[in-house]
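> prediction below, plus the sequence it came from.
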Amino acid sequence: MTHLVGGPAATPAYAPGLWRPVLRRLRADRGALAAAVLLLAIVALCLAAPLYAARIAQTDPFRSNISGQITVNGAARAVIEDNAEGLGLGQTPIGPTGAASYLLGADSQGRDVAARLLYGGRASLLIATVATLLCMGLGGALGVVAGYFGGVVDAVLSRLLDVLWAFPVYLLAISLSIVAVGSGLHLGPLVIDSGNPLLPAFIIGLVGVPYVARPVRAQVQALRRSDFVLAAIGIGVPTPRILLVDVLPNVSSTLLVLVPLLMAINMLTESALSFLSIGVQAPAASWGTIIQDGLALLYTRPLVALAPGLAIMLTVLSLNLLGEALRDALDPRLAGRRS
Amino acid sequence: MPSFFQARPLAALTLALVCAAAQAASPAANDPHRGGTLRLLAGSGAGTIDPQVNYTLQFANLFQSVYDGLLAFKKAPGTAAFTIVPDLAEAIPQPENGGKRYVFKLRSGIQFSNGRPLTAEDVAASFRRIFKVSSPTSGTFYNRIVGAPACIKTPATCTLAGGVVADVKAGTVTFNLLEADSEFFDKIAFPHASILPADTPAKDVGVAPVPGTGPYQIASYDPKKLLKLTRNPHFRLWSADAQPDGYADVIDYSFGLSDEDQTTAIANGQADWKFDPVPADRLPEVSQKYPQQLHISPLTAMYYIAMNTRLAPFDNPKVRQAVNLAIDRNALVKIYGGSRLATPTCQVLPPGIAGHEPYCPWTKNPGKTWTAPDLERARQLVKASGTAGMKVLVNSNDVAVEKQIGIYLQSVLKDLGYDATVKAISSNIQFNYIQNTQNQVQISVTTWFQDYPAPADFLNVLFSCASFRAGSDSSINISGLCDQGLEADLQRALATGITDPKAAAAQWAAIDRKVTDVAPVAVMFNPKRLDFVSKRLGNYTFGAQFYFIYALAWVK
């Protein structure tokens, strides 16, 4: 009866101001706060990568520097040092210097690991974010349309989602990446070059669509049968308006909770693809490519692989904690108990 | 090195003496070292096991104890392995008709691993097959056989009529050449001239084993997992120099492990030898902990960057010169493992090959040796070429060293102003991939190890017009260079080598300088071979021709 009394704005499941209790609950959750602070710190550090590389480390993290020299504690040292023991074979990249330059040491190409770590974080976070937005946007839209319209529309869309769903996520992502990484993506007007970070973002976002669309569809199907939606239809409210005003706000909590969780999953997927050399392409850095670079140095410079692994772990952990906290904060069953 | 025609009687006597001594190298049936399973490792298979198609060092090394030719490179340590000895033929024939005719007498009683006796017809059929399967060297090694030009033109109908004449009753095979060839015996000893049963399909057999006459037979081959060699039940020892019997009963050549894991497996005693280089980060460790299990041997080989002279931007000589000037060869030596394992170089001919005269124009102070890169001059050349900003895709394989070189090269190209990316593909396919012009490979990282110790094997094989075949996986002239002036120089040097090796060496040196100046490639360094073997492996023998002679190694 919402649209007969008071106008279209009177029917959202959450009354205006309901976000305040949600935020209050989040603020009271110390785990969520810590996770948020950690995540913000990681994001801030990664965003500061160009500043770090240019002003503090004074290195180019994308340029090979195999024959380079640096000064550590007043002494000149080779970035890639000759081995003087045994038969005198092999070289080892310089280890953590504790100085501004090569703080965490160098990789096989003589590049500053710390600088690459920050740039890698930018790429990984960017790709995960874009993929998540794509996932939410496309998945949300498909779920809403399928759930609301039902019938043939639902049948067709659900079968398409089933096809995507049938493939294990990593398998599908790897298959699409292998095909696209060589020649890029050409889908009508949409053209993404093979070296563009949007390419893995697009692929990861695409394979994640069913994981958003299906729960949204189920929720919208239930909403479709609710009194206020039926009433709106009954009085002739245009469908787009119903979707925007009545349906979407009621699935927003589901979408919101999915955001950090999807970010975490997408970040892991990106790292996996980049590790396999089918995501971010060398010499661009992402946490996955740096782990791949560090594989060849596990015996001599394990930090090269460990540092990005640790970064991924901390980021995913903070995203998961935030996601759980958000889910708890938005759960109406918990709201009564808490207040 | 003495003239080919003058050295023969001396060679025959030396051969006889050495044969007698070398008989001891082959294991007798009751030898306590005989038996066991030799475990070899490589990152991947090296493509087809067709000995007339495969053109990789990895499988040339493998084929030496599986297949035989009329002649063979001696299974001996060091440069003694460059000596050519009779194999399926009873003796190295005397040249007739001014070096244009050779009559080989086959040994009797030799059987293929399927029990079929070897006959002269198998020899003739094998040489026709070289052309029918478009062997990578059919146009360069065997093009002087009478009938070969027609076979190169239409391989499917190759008859080599008048070129290779088999007399099954007499057990002889007569070769008639269009012109004398000072390297004829080297080419006959090369794996592409392996003698196969006459009914071997006239196409690349891929993974299907072909019967051979060596002490081992390929029992099975899965390019992703394992190649298994077992003893050839029909093998009998006829010449320990040419084809010694093996010690191990079974040889398992496993694929799929990364070079890191391969090194660990050897260190743990889980494998005996690895084909791929020890990764750079493990060198300090193995150098310190396992010095007794390391063997360093000089090689006549090069790591180089092939630039496609038919594709922009490398169709512009200035760009190719710029790449040569910009690469830091010391850095590349470091990637390979350091100065004990590699030497920077600018030129094609490596030390140890006739005609090598130190020459390097692509350095800060041009002269005989490389000293430092000249990025400034390189950038000027790129600017003058007007190609800055172009997209360039560097192709390398996924073996650690080549992959790192690829990444480094991409960095250099970016420094020069190109929009460079790098793609590493499986070493199982990369070598053929970069040869095929349909793949539009602009620049690639690759290697060349001598087929046999002759300058032609570098300069003629890699840069002659005959070695370039558009749209073929067997186009070893990867840079696509076809220069008529150079072609004439190559033919002149080949002809001179028949009668005057010293003069020919001087001509090869001049060609080496010319090719270096034209810069279809950027030669990076001459590597040494570092073999890391298991503690239990005994009698490690490194022959300069095909490297680790696994038949002579024991594990018991």
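Okay, I see it.

> residue numbers of the stretch 1-150 of chain A in contact with chain B?
Proximity of the stretch 1-150 of chain A to chain B, by C-beta under 8 Å from any C-beta of the partner chain, involves residues A:62-64, A:66-67, A:80, A:82-83, A:85-92, A:108-109. Where you see a C-beta, it was placed from the backbone N, CA and C, and this is true even at glycine.

> inside strands: which ones of these?
Among the residues of the stretch 1-150 of chain A next to chain B, the residues falling in strands (DSSP state E) are A:80, A:82, A:91-92.

> drop anything exposed from the residues you listed.
Neighbour counting with 16 or more other C-beta atoms under 10 Å in any protein chain shown marks A:80, A:91-92 as buried within these.

> contacting residues for the closest residue to A:Ile66 other than its chain neighbours?
Nearest non-adjacent residue to A:Ile66, counting by C-beta to C-beta, 6 or more residues apart in numbering or on different chains: B:Ala331, 3.6 Å away. Applying C-beta atoms under 8 Å, 6 or more residues apart in numbering or on different chains to B:Ala331 gives the contacts A:64, A:66-67, B:408.

> list the contacts of the spatially most central residue of chain A.
Central residue of chain A (C-alpha atoms, centre = their mean): A:Ala128, 2.3 Å from the mean position. For A:Ala128, the contacting residues are A:201, A:204, A:263-264, A:266-267, A:270, by C-beta under 8 Å, 6+ apart.

> next structured bit after the host helix or strand of it?
Secondary structure from DSSP states H and E places A:Ala128 in helix A:113-134. Counting by DSSP H and E, the next helix or strand C-terminal to helix A:113-134 is helix A:140-149.

> which helices and strands does that following helix pack with?
helix A:151-166, helix A:198-224, helix A:248-275 (3 or more C-beta pairs under 8 Å, 6 or more residues apart in numbering or on different chains; DSSP states H and E).

> just the buried residues of it, please?
A:140-148.

> could I get these as a markdown table with pLDDT?
Shown next, in a markdown table, are the buried residues of helix A:140-149 (pLDDT from 0 to 100):
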| residue | pLDDT |
| --- | --- |
| A:Gly140 | 93 |
| A:Ala141 | 93 |
| A:Leu142 | 94 |
| A:Gly143 | 94 |
| A:Val144 | 94 |
| A:Val145 | 93 |
| A:Ala146 | 94 |
| A:Gly147 | 94 |
| A:Tyr148 | 93 |
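
> quick check: angle from the helix holding A:Ala128 to helix A:198-224?
Inter-element angle recorded for helix A:113-134 and helix A:198-224: 40 degrees (by axes from the mean of the first three to the mean of the last three C-alpha atoms, to 10 degrees).

> just the element for the residue of chain B at minimum distance from chain A, please.
Residue nearest to chain A within chain B (C-beta to the nearest C-beta): B:Leu283, separated by 2.5 Å. Assigned by DSSP H and E, B:Leu283 belongs to helix B:283-289.

> for the contacts of B:Ala331, which one is nearest B:Gln440?
Distance to B:Gln440 across these (C-beta to C-beta) is lowest for B:Tyr408, with 22.5 Å.

> quick one: secondary structure of the closest one?
Three-state call for B:Tyr408 (DSSP: H, G, I helix; E, B strand; the rest coil): helix.

> B:Ser429 - that's part of a helix, no?
If you look again at residue B:429, you'll see it is Ile, not Ser. Yes: using three-state DSSP, the secondary structure at B:Ile429 is a helix.

> that one against B:Gly47, yeah?
Yes: counting by C-beta atoms under 8 Å, B:Ile429 touches B:Gly47, with 6.9 Å between them.

> more neighbours, the two?
More neighbours surround B:Gly47 than the other of B:Ile429 and B:Gly47, with 23 against 16 (other C-beta atoms under 10 Å in any protein chain shown).

> where's that one relative to B:Leu62, distance?
Noted for B:Gly47: a distance of 12 Å to B:Leu62, by C-beta to C-beta, to the nearest Å.

> cool, B:Arg529 as well?
16 Å.

> before we move on, back to that, show me what counts as buried in the helix holding B:Leu283.
Of all the residues in helix B:283-289, those buried under the rule 16+ other C-beta under 10 Å are B:283-287.

> run through the helices of the stretch 451-556 of chain B in chain order.
Ranges of helices within the stretch 451-556 of chain B are B:456-463, B:484-499, B:501-518, based on DSSP state H, counting those that start in this stretch.

> re the thing from before, most widely separated two among the contacts of A:Ala128?
Pairwise over the contacts of A:Ala128, using C-beta to C-beta, the maximum falls at A:Ala201 and A:Ala264, 15.2 Å.

> the more surrounded of the two?
Set A:Ala201 next to A:Ala264 and count neighbours by other C-beta under 10 Å: A:Ala201 wins out with 25 against 22.

> report how many residues lie close to the residue nearest to that one when sequence neighbours are not counted.
Excluding its sequence neighbours, the residue lying closest to A:Ala201 (C-beta to C-beta, 6+ apart) is A:Val130, at 3.9 Å. A count of neighbours around A:Val130, defined by other C-beta under 10 Å, yields 19.

> can you pull the contacts of A:Val130?
By C-beta under 8 Å, 6+ apart, A:Val130 lies in contact with A:198, A:201-202, A:205.

> pretty sure B:Lys364 contacts B:Asp374?
Yes: with contact defined as C-beta under 8 Å, B:Lys364 counts as touching B:Asp374 (4.8 Å).

> give the burial count for the residue in chain A that chain B sits nearest to, as a bare number.
Chain A approaches chain B most closely through A:Gly90 (2.5 Å), counting by C-beta to the nearest C-beta. Neighbour count of A:Gly90, defined by other C-beta under 10 Å: 29.

> how about A:Ala48?
By the criterion of other C-beta under 10 Å, A:Ala48 has 14 neighbours.
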